[in-house]
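>>> Quick one: sequence and predicted model below, then my questions.
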Amino acid sequence: MPAVSKGDGMRGLAVFISDIRNCKSKEAEIKRINKELANIRSKFKGDKALDGYSKKKYVCKLLFIFLLGHDIDFGHMEAVNLLSSNKYTEKQIGYLFISVLVNSNSELIRLINNAIKNDLSSRNPTFMCLALHCIANVGSREMAEAFASEIPRILVAGDTMDSVKQSAALCLLRLYKTSPDLVLMGEWTSRVVHLLNDQHMGVVTAAISLITCLSQKNPDEFKTCVSLAVSRLSRIVSSASTDLQDYTYYFVPAPWLSCKLLRLLQCYPPPEDGAVKGRLVECLETILNKAQEPPKSKKVQHSNAKNAILFEAISLIIHYDSEPNLLVRACNQLGQFLQHRETNLRYLALESMCTLASSEFSHEAVKTHIETVINALKTERDVSVRQRAADLLYAMCDRSNAKQIVAEMLSYLETADYSIREEMVLKVAILAEKYAVDYSWYVDTILNLIRIAGDYVSEEVWYRVIQIVINRDDVQGYAAKTVFEALQAPACHENMVKVGGYILGEFGNLIAGDPRSSPLVQFNLLHSKFHLCSVPTRALLLSAYIKFINLFPETKATIQEVLRCDSQIRNSDVELQQRAVEYLKLSSIASTDVLATVLEEMPPFPERESSILAKLKKKKGPGAVSVTELEDSKREGGELNGGGDRGPDTSAMSASNAVSRHSVTSNLSYVFQSTPSPSADLLGIRSSAPAGTAPASAGNLLVDVFSEAGPAAPSAAVNDDGFLSSAPPSEDPAPPLSEADELLNKFVCKNNGVLFENQLLQIGIKSEYRQNLGRMYLFYGNKTSVQFASFTTSVSCPGELQSHILSLNVQTKQVEPLVEGGAQIQQVLNIECLTDFSDAPLLNIKFRYGGALQNLTLKLPVTINKFFQPTEMSSHDFFQRWKQLSQPQQEAQKIFKANHSMDTEVLKAKLLGLGTALLDNVDPNPENYVCAGVIQTKGQQVGCLLRLEPNAQAQMYRLTLRCSKDSVSRRLCELLAEQF
């Protein structure tokens, strides 16, 4: 822009500013300002016409006074008059005043718009830029209505100067953000995209900001930008710093443009064109290679620019999640940053590795840095870095390192910052349950947790340990012994007393044979804590006492004496008084049989969705946990770990209401009803209550007090776990996406990952199967900043399937109708396979985004192989069974060309992911692979044998399947042929 000449210096303005600065008090400043305002007002109202210079000077003074915090209620018309000047400095001051002081409701908007139109049509690049800057600064809807159709024309016109194109692109971006419904690209779309090929780097940089924003809303219209962005990125990455001298920043060519290009590519899935994808992979490899090169400058600006590009490249690699080599390299590069002296780099490396830990390709590579991360947790001075280290330990945890990570987290908890203790407690509780092979270790861990950080152990955590102990017979005696020992500590946290009271009240009889833990000793130990506890805990202890009378009749007199004392039956708290009176009366008048019936053990709790995990997500904030993490899906196959993988459940017991406040005649709804302890329904699929459970009136107190399930739809029945019976399919569901089969095939050999993603929505999936039962978690993530309204999902089954997978009809968890911007919601499906099937269920999703209805249908990845149980066989048994399945209809065979790399380890991983057992040293040809398994359905078991013969030289496979049911052979052959 033109430089201001010396003659344009406004001496009057300089003197006024000097006077203001020399004022000794606020009163003196106000007096001087009022004097100047009176002078300016008289000049504007005077008969003598002011020249352009005077108007400019006085308008500048008004602007300065406004910036000092004083209201300006005149001078606007003089500023508008300056817009018609042909002098740059006068026009500039006019536009500046309007940008700052004129609001969108001003009566002068029409005059301003006319002046802007004149400047836009003047073809004077300086005036055009001033006008565009004013439009962007004001950014009102009126401006958008007036100029939204004109600016794209200026942007793509061949004779527009580069500086004007830059301003036009950024101006259009501003208008699009404020009034997206008014900025319609239409015919300009392809020409705007082709600005990525512009020779002027500044134009490209401005245009890519606009294209990125437009792509997020209308991805299909701008998908041609991917190949152009890759081409431009390739030219920048492969160029030397001398090739782009004007845009090289401390030896790094065009770092801002490179970052924007990488960010734009994150709006789209990996390119389908092989050449484009290859070129992009080459660019990413070059960026990773450059990160290993010695720095060309010791200046911090050089490393900042270089690392900015690197982290954006790593974000793109993580987004694609399809290149194992790049993911592992990215992980190794981030690992080097974990010990970097720069705190920000360590923070970013930990944050990025949290996301990498959720990828099946890079999880193992992330685990190699466990010692470094543990050291960071212990030694980092910055609490935010320590928090990211804790997040990464949580993300990288699996069965192989769970005990080490949990132990380190517990150790750190003793000195952890108070701001992150609650989050740490939740993570330790989740990991301890999820990966507890030995539940005695789980009990020890939770009790240690309460001892170390009792104040931060929420009710959800101790509810859950109670539930697990009640549901698992093998750990009840150990839990009673351990909690008894923990209660002997002189200083005992109240949460420990709650757990102790509940467990000893239920299972104290299991340790009563030891004189050191006799019934009276147990009672005296609990009662010694009574006076130190809050009212809810005292209520729970009173309930434990009445249970003791049933378990240990010899303690009856002692406990009745406690209940009879004035401090109990005349307690000022109504809850405690009522319990004491009712329990005393019950123990006095009830026969032994009635007492035993009323005070039976608690029945096993039903399995429900984890509230600890929900609490952790809520604490982290919406969108803080990526959908792709799927929280805890750690490639553990479909095996359940004693119910651990289903996540912690909110038990149905509230401490303050653990015992019914009803009278004895209402059968004391609390007092821990009991059933024979059948094996727990790990997947929570069987909805019928076990025989012997208490009546509904009693059981109603045992509700999930943290359940967030909404009301059921009128047309759907709700079972006890909050799952809906399948309602009729949604009206007008969209047909399945064209790529639905391709998306389905991605999950034949894996259970976790991203099922679908576009610019608005990301759908993640985590599933687990045992025998003929399965549970599927769907994670719906809102990728935008705008709320999804009327969000609904429905599952329907094509013809033959409706009688086969009942769970998708009768047990679908409702979802919340509103999904906030950046937030994620979860849906649970329970699955039961009755007999073999071939068609996958359909998932229809509808919601409103920006007023427009979005309607899409996908195929849920439920395939017949999910119900495989692996079967180990010797060579003799395999071929003997192979010969028995010799009928023509029992065999399905296919010869096909390899679709993917014929890498041995990849093939083994896919065959194991199929769910079968991979048999070693069975086939005479060591190059071949043989597998065996049994498909479990409710009605029958289908034995399956598989033989895969690769021909590396011809890049071909021969796949042979023999099953006891012909339809299964054909379906498995079709599925597997797409995997190799």
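Structure's in. What do you need?

>>> Show me the contact partners of stretch 783-790.
When contacts are taken as Cβ atoms under 8 Å, 6 or more residues apart in numbering, the neighbours of stretch 783-790 outside the stretch itself are 216, 757, 759-762, 782, 817-822, 846-850. All C-beta atoms are positioned from the backbone trio N, CA, C, and that covers glycine.

>>> now stretch 509-526
Surrounding stretch 509-526, the residues in contact under the criterion Cβ under 8 Å, 6+ apart are 476-477, 480-481, 484, 487-488, 497, 500-501, 504, 508, 541, 544-545, 548, 551-552, 554-555, 558-559.

>>> my guess is Tyr58 meets Ile72, correct?
No - Tyr58 sits out of contact with Ile72 when judged by Cβ atoms under 8 Å, with a separation of 11.4 Å.

>>> Among the two, which residue is more densely surrounded?
Here Tyr58 and Ile72 are set side by side on neighbour count (other Cβ atoms under 10 Å), and the busier one is Tyr58, at 24 against 17.

>>> Quickly find the element holding the more buried one.
Assigned by DSSP states H and E, Tyr58 belongs to helix 52-67.

>>> Mind picking out the helix or strand in the chain with the poorest mean pLDDT?
Ranked by mean pLDDT, DSSP states H and E, the weakest helix or strand in the chain is helix 696-699, scoring a mean of 31.

>>> For Ile466, report the pLDDT, please.
Per-residue confidence at Ile466 stands at 89 (pLDDT).

>>> same thing with the one 4 residues further on?
pLDDT recorded at Ile470 is 89.

>>> shouldn't it be in contact with Met602?
Yes - counting by Cβ under 8 Å, a contact exists between Ile470 and Met602, whose distance comes to 5.3 Å.

>>> Give the residues shared as contacts by those two.
Applying Cβ under 8 Å, 6+ apart, one finds that Ile470 and Met602 are jointly contacted by Glu506.

>>> Quick check: phi and psi at Arg962.
Per-residue torsions, Arg962: phi -130, psi 120 (degrees, to the nearest 10).

>>> Dig out what it forms beta bridges with.
Arg962 has the following beta-bridge partners by DSSP bridges: Glu891, Leu945.

>>> do Ala932 as well
Residues found in beta-bridge contact with Ala932 (criterion: DSSP bridges) are Ala917, Leu945.

>>> burial measure for it, as a count.
Ala932 has 22 nearby residues by other Cβ under 10 Å.

>>> Over to the one 3 residues further on?
Residues contacting Ile935 under the criterion other Cβ under 10 Å number 27.

>>> What is the one helix or strand it maps to packed up against?
When secondary structure is defined using DSSP H and E, the element that contains Ile935 is strand 929-936. Here strand 929-936 touches strand 868-870, helix 875-884, helix 904-913, strand 917-919, strand 941-951, going by 3 or more Cβ pairs under 8 Å, 6 or more residues apart in numbering; DSSP states H and E.

>>> Of those, which is nearest Ala395?
Closest to Ala395 of those, according to Cβ to Cβ: helix 904-913, at 21.1 Å.

>>> Three-state assignment for Tyr957, please.
In terms of secondary structure, Tyr957 is strand; the call rests on DSSP: H, G, I helix; E, B strand; the rest coil.

>>> That one touches His900, doesn't it?
No - Tyr957 lies out of contact with His900 (Cβ under 8 Å); the separation is 10.5 Å.

>>> Just want to know which of those two has more residues nearby.
Neighbour comparison, Tyr957 and His900: the larger count goes to Tyr957, with 21 against 11 (by other Cβ under 10 Å).

>>> Bridged to the more buried one, which residues?
So, taking DSSP bridges as the rule, Tyr957 has Phe896, Pro950 as bridge partners.

>>> May I have the strand holding Ile935 as CSV, with CA atoms only?
The C-alpha trace of strand 929-936 is given here as CSV (Å, rounded to 0.1, in the frame of the first residue of the first chain):
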residue,chain,number,x,y,z
TYR,A,929,-2.3,-72.0,6.5
VAL,A,930,-5.0,-74.2,8.2
CYS,A,931,-7.5,-73.1,10.8
ALA,A,932,-10.3,-74.7,12.8
GLY,A,933,-13.2,-73.3,14.7
VAL,A,934,-16.9,-73.8,15.7
ILE,A,935,-19.5,-71.3,15.0
GLN,A,936,-21.8,-71.1,18.1
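
>>> what's that strand in contact with?
Outside strand 929-936, the residues that touch it by Cβ under 8 Å, 6+ apart are 771-772, 833, 836, 864-865, 867-873, 878, 881, 907-908, 911, 914-919, 922-923, 941-948, 950, 963, 968.

>>> Report the inter-axis angle for it versus helix 875-884.
Relative orientation of strand 929-936 with respect to helix 875-884: 70 degrees, computed using axes from the mean of the first three to the mean of the last three Cα atoms, to 10 degrees.

>>> For Asp119, give me its contacts.
When the contact criterion is Cβ under 8 Å, 6+ apart, the partners of Asp119 are 83, 91, 127-128, 130-131.

>>> So which of the residues you listed are in helices?
Of the contacts of Asp119, the ones assigned to helices by DSSP state H are 91, 127-128, 130-131.

>>> Below-threshold pLDDT in the chain: ranges please.
Counting by pLDDT under 70, the chain contains low-confidence residues at 1-9, 47, 104-106, 241-243, 607-611, 613-732, 798-811.

>>> quick revisit: redo the helices and strands packed on strand 929-936 as a markdown table? Include distance to Ser209.
Shown next, in a markdown table, are the helices and strands packed on strand 929-936 (distance: least, Cβ to Cβ, whole Å):
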| stretch | distance to Ser209 |
| --- | --- |
| strand 868-870 | 50 |
| helix 875-884 | 62 |
| helix 904-913 | 40 |
| strand 917-919 | 51 |
| strand 941-951 | 49 |
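
>>> Ser227: which of these is closest?
Taking Cβ to Cβ as the criterion, Ser227 comes closest to helix 904-913 out of these, the separation being 28.8 Å.

>>> I'd assumed Met776 was in a strand, is it?
Yes - the assignment for Met776 by three-state DSSP puts it in a strand.

>>> neighbours around it, how many?
Residues within reach of Met776, counting by other Cβ under 10 Å, total 25.

>>> so what's it bridging to?
Note on Met776: beta-bridge partners by DSSP bridges are Ser767, Leu829.

>>> Tell me if I'm right that it and Leu829 touch.
Yes - counting by Cβ under 8 Å, Met776 touches Leu829, with 4.4 Å between them.

>>> Now do the shared contacts for those two.
When Cβ under 8 Å, 6+ apart defines a contact, the residues bordering Met776 and Leu829 alike are Leu860.

>>> Secondary structure element for Arg388, which one?
helix 383-396.
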